[in-house]
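sequence first, then the predicted structure:
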Amino acid sequence: MKSPPSLVVLLIRHGEAREDDTPYGPETPLSALGHRQVDRLADALSKHHSVTAVYASPFPRAQQSAQSLATRLGFEVVTDERLAEFQLPPQGSDEDQTLSDSSVLGSLASPERER
């Protein structure tokens, strides 16, 4: 018999973040459709998954999405700056970086992380 996984991480993108013709930037909040999308997701998660934490980037659209999920699921949102969107410099530039797949997720799941 297969044993259940010890940790399941669901990566969820924020709901729709702009109306058709509005500008889009870091401070863009959820649209009306984005709020409905997040509400539907919260309903599905509460029925089919055992959620134990909700993390989000500091951007408004991510905060709004996470807050809706956390409220419905009975959690506080943990804001983590490391989840903010970023753009890597071009390969080969002086600023070239390499991110390991688990650099952020591994540290979020670490038992040493302050809550």
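Sure, I can see it.

hang on, isn't residue 81 packed against residue 56?
No. At 10.5 Å, residue 81 does not count as touching residue 56 under the criterion of Cβ atoms under 8 Å. Where you see a C-beta, it was placed from the backbone N, CA and C, and this is true even at glycine.

neighbour count winner among those two?
Neighbours per residue, other Cβ atoms under 10 Å: of residue 81 and residue 56, the larger number sits with residue 56, 22 against 7.

quick one, longest helix in this structure?
Using DSSP state H, we find that the single longest helix of the chain is helix 32-48.

now residue 50: how far from residue 75?
12 Å (Cβ to Cβ, to the nearest Å).

of the two, which one has the most company?
A direct count of neighbours by other Cβ under 10 Å for residue 50 and residue 75 places residue 75 higher, at 16 against 8.

got the contact list for the residue nearest to that one when sequence neighbours are not counted?
Of all residues not flanking residue 75 in the chain, residue 54 sits nearest, at 5.0 Å (Cβ to Cβ, 6 or more residues apart in numbering). Counting by Cβ atoms under 8 Å, 6 or more residues apart in numbering, residue 54 makes contact with 66, 69, 70, 73, 75, 76, 77, 78.

try it again with 7 Å
Contact analysis of residue 54 by Cβ atoms under 7 Å, 6 or more residues apart in numbering lists 66, 69, 70, 73, 75, 77, 78.

then residue 73?
Taking Cβ under 7 Å, 6+ apart, one finds 42, 45, 46, 51, 54 in contact with residue 73.

repeat for residue 26
The contact partners of residue 26, by Cβ under 7 Å, 6+ apart, come to residue 59.

what distance do you get for it to residue 81?
Applying Cβ to Cβ, the value for residue 26 to residue 81 is 13 Å.

tell me the helices in the chain, going along the chain?
Here the chain has its helices, by DSSP H, at 32-48, 60-73, 103-108.

nothing else from me, thank you.
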